[in-house]
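1. Based on what follows, work out the 3D shape:
(one chain, ligands or ions: 1)
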Amino acid sequence: MMKTIKSLFLCVLTLAAASCGRPQQASTTGTTPAVERRVDALLSRMTLAEKIGQMNQVSAGSDVSNYSDAVRKGQIGSILNEVDPVRINEFQRIAVEESRLGIPLLVGRDVIHGFHTVFPIPLGLAATFDPALVEEGARVASVEASAQGIRWTFSPMLDIARDPRWGRIAEGSGEDPYLDARMGEAMVRGYQGTLQDSTTMAACIKHFVGYGAAEGGRDYNSTFLSERQLRNVYLPPFEAAVRAGALTLMTSFNDNDGIPSTGNRFILKDILRDEWGFDGMVVTDWNSMGEMISHGYGADRKEVAREALEAGVDMDMMTYGFISHLEELVRSGAVRESAIDAAVRNILRTKVLLGLFEHPYVDAAAAEAVQYAPEHLDAARRTAEESAILLKNTGVLPLDAARTGRILVTGPMADAPHDQLGTWAFDGQKQHTITPLAALRERFPGRVDYVPGLRFSREKKSHFDEVVAAARRADVVLVFLGEEAILSGEAHSLADLNLIGSQSELLAALRSAGKPVIATVMAGRPLTIERDLPNCDALLYAFHPGTMGGPALTNLIFGDATPSGKTPITFLRTVGQAPMYYAHNMTGRPYNGETLLDGIEAEAGQTSLGNTSYYLDYGAYPLFPFGYGLSYTEFAYSDLALDAASYRRDGVIRVSFTLSNTGRRAGTEVWQLYVRDLVGSLTRPVKELRRFGRETLEPGESRRVELELPVSELAFWGAERKKQVEPGDFQLWVAGDSASGEPLAFKVE
Ligand code: BGC
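-> Reported below is the predicted structural model:
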């Protein structure tokens, strides 16, 4: 009897997914018994049709009246793609005042890297290695979007991507699960803040799961990830974001090992709900339920609606599968109403937690004043500064503003106000963008010549006489290259990753003028720029830097800011190397200690890599390893120490090292801590990132950095099909990139 009372009590307390049959875990969304009572009370008053209505999400048209009748009848639970605060208020008024139960709508939008004030693309955000700054950016996005009535963003995208052909690599944090997890948590915190506060948005972690491993980098393609690969690489960022309180999750388009994610019960129920205890809401991707028919996984909409519900989907984005068929499926007994109740609880919980019932409306007249606020633009500029990566510098940078006379500004990205915003910048208005040309003209009135050389990145041209003549007249050439926004993002994969059009030819022509050439690349992915490096004296990789890219780059080039970004993804020498990433498994034929950076000098054919895993023509190494980036000063690492030689599995490793600024300018270094498990029940990666941090040091300054790493963070999903730390020998590095540093050895007993 006591036992029963105790477990009932626990059930009420934990409310994990509102199901008493599940393992007892704390709520991931932070729901409370009071919230659950409210949800249940509402649910008990709903008809089956009203419940199914909540599970239906539609894309708003240009006219509210298109959907007003359906909202009034309770047939729509959420809309996406409506941004006008007046129309959003009108939708909410109909839902709240004219529908039977007055349940407000959840209004969603892809606010991916800023709303009006656009921040660098997520891959650029990851290059900052600065979660606090990324959180600040997400907060800015929330403040701007929520002012217009948007309370749900389809971000962050947590897809690990190791193939830069995939256009959506722009939208995520790159190749590394640890970095991705930290960025994901930061965005969740930034968007969601204190939920009831009406300047917040619910985050939606996506795309669950494996979508970034699309075969050949072709978007929407199949993936074949083993359970172990999922658990060790692709799932951890999602689990971290769930633990950070993400309210919603989106399924992915891909089929993994033959099962489309939207119908994959193993990932949506067994892992997400039962193992992690997620009690938020699951939405499909756009028509991904319908795409299960194209996949050949279901014959018609009725069948895929049942499959998706049974797999664990709560809300249907744009298939109209639930709204058209669930009622009939329940009536025929093919689907249990309790499954629908569970889904609707997750939806209502989200609405209650967001405070939508208390604050369904926005002050439409006040919305505009919030957009592009000075502090938002300032955060966007700081973020763009931190996200740029200095990949080459012969010493020419930073330029001395006082001693630089005439400046030639050239290249297709020098004045491309739309394209520098990058992919998924629906709401960023190009008239608010400050391009490099605009920023440089403002800073150096009368000293800037502008000759585009190429009008857009894809342009093909063979004569550059005009721009070369201008370069000869100038003291320095600032050339802005890259790719238009439309060349990355969804459905925009590429098979050739060299600078597109005649940009390499433009750079080579500029080189011939004999003046210092400073190149900046703005792109949605790491392009293969090896052949371009000799043709410039310095190269900054800015990804697509957003609204404030121009001022940020001007500050970096002229030394008002110092580059500190590091590569969040391996930069390849040639596309044929893809996929290549630092945390690859140890092969049976390891090449020279796996020190990737040594290979930058290693020309194929000149260095014998023996019978190892490498290309005859391109060797074994990338152009730049993960975590790489220069500064205007130099940093040295010394005296790496651990507090013991051996640790228990429940112990904590105390690591310390000295970081010194050995150069002549102040600067910020992103240090990185990597570990390697030398012998495991399975082959293990040669290195894995486990900590990073940013330290700002004055010239000549040294700092002892101390940190703790719980041994539990060395765990992985091993041969025994569970996540655990395997005792044995380990190595640990602290360095400025994934290819440097000398390891210290330690044991776990
Ligand atoms: C994308 C999602 C996006 C959704 C809504 C889909 O095509 O894959 O990432 O959130 O559209 O716009």
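2. got a list of what the residue in the chain positioned nearest to the ligand touches?
-> Closest approach between the chain and the ligand, counting by CB to the nearest ligand atom: Phe154, at 3.4 Å. In short, each C-beta sits where N, CA and C put it, glycine included. Applying CB atoms under 8 Å, 6 or more residues apart in numbering to Phe154 gives the contacts Leu80, Gly108, Arg109, Asp110, Val111, Ile112, Cys204, Lys206, Met250.
3. Can you read off the backbone torsions of it?
-> Backbone geometry at Phe154, expressed as degrees, to the nearest 10, gives phi -90, psi 60.
4. Report pLDDT for it.
-> At Phe154, the model reports a pLDDT of 98.
5. Enumerate the residues of the stretch 51-200 of the chain near the ligand.
-> Asp110, Phe154 (CB under 6 Å from any ligand atom).
6. Show the pLDDT at Leu8.
-> 39.
7. try Tyr618
-> So Tyr618 comes in at 89 (pLDDT).
8. so how far is Trp152 from the residue lying closest to Thr410 once chain neighbours are set aside?
-> Of all residues not flanking Thr410 in the chain, Gly453 sits nearest, at 4.5 Å (CB to CB, 6 or more residues apart in numbering). Distance of Gly453 to Trp152, computed by CB to CB, to the nearest Å: 43 Å.
9. cool, and Arg139?
-> From Arg139 to Trp152 the distance is 16 Å (CB to CB).
10. out of the two, which sits in the more crowded spot?
-> Counted by other CB atoms under 10 Å, Arg139 and Trp152 do not tie: Trp152 has more neighbours, with 30 against 22.
11. Kindly list the main-chain dihedrals of that one?
-> Taking degrees, to the nearest 10 as the convention, Trp152 sits at phi -150, psi 120.
12. per-residue pLDDT, the residue lying closest to it once chain neighbours are set aside?
-> Using CB to CB, 6+ apart and skipping residues adjacent in sequence, the residue nearest Trp152 is Gly108, 3.9 Å away. The model reports Gly108 with a pLDDT of 98.
13. Show me what Gly108 is bridged to.
-> Beta-bridge partners of Gly108, counted by DSSP bridges, are Leu80, Trp152.
14. What residues does it make contact with?
-> Taking CB under 8 Å, 6+ apart as the definition, contacts of Gly108 comprise Gln57, Ser78, Ile79, Leu80, Ile150, Arg151, Trp152, Thr153, Phe154, Cys204.
15. Filter the residues you listed down to the buried ones, ChimeraX style.
-> Selecting only the buried entries of the contacts of Gly108 in ChimeraX, with 16 or more other CB atoms under 10 Å as the criterion:
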select :57,78,79,80,150,151,152,153,154,204
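16. give the contact list for the nearest residue in space to Ser226 that is not next to it in sequence.
-> Among residues not flanking Ser226 along the chain, Asp257 sits closest, at 7.9 Å (CB to CB, 6+ apart). By CB under 8 Å, 6+ apart, the contact set of Asp257 is Thr223, Phe224, Leu225, Ser226.
17. Might you report the residue contacts of the residue nearest the centre of the chain?
-> What sits nearest the mean C-alpha location of the chain, by CA atoms, centre = their mean, is Gly172, with 2.7 Å. Gly172 is in contact with Pro122, Leu123, Ala126, Pro156, Met157, Leu158, Asp159, Ile160, Ala161, Asp180, Gly212, counting by CB under 8 Å, 6+ apart.
18. Ranking by neighbours, what's the top pick from those?
-> Leu158 leads those on contacts (other CB under 10 Å) with 34 neighbours.
19. tell me the secondary structure for the closest residue to that one other than its chain neighbours?
-> Distances taken as CB to CB, 6+ apart place Pro237 nearest to Leu158, at 4.2 Å, with adjacent residues excluded. Counting by DSSP: H, G, I helix; E, B strand; the rest coil, the backbone at Pro237 sits in helix.
20. Pro237 reaches Ala186, doesn't it?
-> No. Between Pro237 and Ala186 there is no contact, the gap being 11.6 Å when judged by CB atoms under 8 Å.
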